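Student: give me a 3D structure for the following:
(chains A and B)
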Amino acid sequence: GQQVMQIPQYQHVQEGEDFTTYCNSSTTLSNIQWYKQRPGGHPVFLIQLVKSGEVKKQKRLTFQFGEAKKNSSLHITATQTTDVGTYFCAGRVTGGGNKLTFGTGTQLKVEL
Amino acid sequence: DGGITQSPKYLFRKEGQNVTLSCEQNLNHDAMYWYRQDPGQGLRLIYYSQIVNDFQKGDIAEGYSVSREKKESFPLTVTSAQKNPTAFYLCASSIDIQTSGYTFGSGTRLTVV
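Tutor: Reported below is the predicted structural model:
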C-alpha cells in the first residue's frame, strides 16, 4: 500500500534556528496537506498544496510541493517556542480513493 | 461556534468489554473519519464515511465497528476483539473526501485495565 515517510523523526533546535521536515511518498499524490499537533493536543490543518512545484508561505512557514508530486517540505524560519509540536504531512493518492494517508510525523522541540 | 466534539476525553475499560466513543460535528461536513494514534506514532485510519448510511474500512478496521445514521454523528465501538485497544482515538470531518482539509476533535484517550 501507499506509504508516506517523513524525515527527520525528531529535531531539536535552538530558538531562532531554522527547521525543515521532508515528506516522501512512494506514489504520485493529487494533493498534500500539512498538519501541526501540539503536545497533548490534536492535529490542526495548516495548508494544502495541489500543483506541481507549488510554494506557499504562512508567515515564517514555507511549504513546497515537488515537481513530481511525490515529495513535499515544510520550512520554518527562525523558530520560536510556539513552534513546538509534531508536524504531519498527509497525501491523497492520484486515483486512489481520495482518502488521506498521513506521514510518520516530525517532532520539533525548540530550546531557549 | 462550529466544531467537532469527542467524548469522553479519558476512558478506562476492562479487558473483554466493548466501549463506544462518541463523535459529533456541527460543521455540516459530509465526510467523517476515525484515526488511531499510538505514542510517538502517526495516524492510522480505522474507518471513514463519505456520506450518511455509508462507511468504509480503513487500514486497521479489525476489532472496531462504526455507524453513520446521522450526518452529525459517527460513533466508534472498540470491541473485545481488538487486541491492543489502548491508544489515542481521533475523530475528524471534512467538507468532502476529495479535496478539503480535515477538522479534528480533541480526541479520546482509551486505556484498557
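
Student: measure residue B:55 to residue B:45 for me?
Tutor: From residue B:55 across to residue B:45, the span is 12 Å (CB to CB, to the nearest Å). Where you see a C-beta, it was placed from the backbone N, CA and C, and this is true even at glycine.

Student: how about residue A:62?
Tutor: 28 Å.

Student: neighbour-wise, which of the two wins?
Tutor: Each of residue A:62 and residue B:45 has its neighbours counted (other CB atoms under 10 Å in any protein chain shown); residue B:45 has more, 20 against 15.

Student: thought residue A:85 was touching residue A:36?
Tutor: Yes - if you go by CB atoms under 8 Å, residue A:85 and residue A:36 touch, sitting 5.1 Å apart.

Student: same drill for these two, tell me which one is more crowded.
Tutor: residue A:85 (21 against 18).

Student: residues contacting the closest residue to residue B:83 other than its chain neighbours?
Tutor: Excluding the flanking residues, the one nearest residue B:83 by CB to CB, 6 or more residues apart in numbering or on different chains is residue B:63, at 6.7 Å. Residues in contact with residue B:63 (CB atoms under 8 Å, 6 or more residues apart in numbering or on different chains) are B:78-79, B:81-83, B:85.

Student: can you tell me who residue 37 pairs with across the strands?
Tutor: This is for chain A. On the basis of DSSP bridges, residue A:37 is bridged to residue A:43, residue A:86.

Student: meant chain B, my bad for not saying
Tutor: Bridge pairing for residue B:37 - DSSP bridges - gives residue B:43, residue B:88.

Student: could you report the neighbour count for it?
Tutor: Residue B:37 has 21 nearby residues by other CB under 10 Å.

Student: that one contacts residue B:86, correct?
Tutor: No - here residue B:37 lies out of contact with residue B:86, judged by CB under 8 Å, at a distance of 11.5 Å.

Student: for the chain, just list every one of the strands.
Tutor: Reading this off chain A. With strands called from DSSP state E, chain A shows them at A:4-7, A:10-14, A:19-25, A:29-37, A:43-49, A:55-58, A:61-65, A:71-76, A:85-93, A:100-102, A:106-111.

Student: try chain B instead
Tutor: B:4-7, B:10-13, B:19-25, B:31-37, B:43-51, B:54-57, B:64-66, B:76-78, B:87-94, B:103-104, B:108-112.
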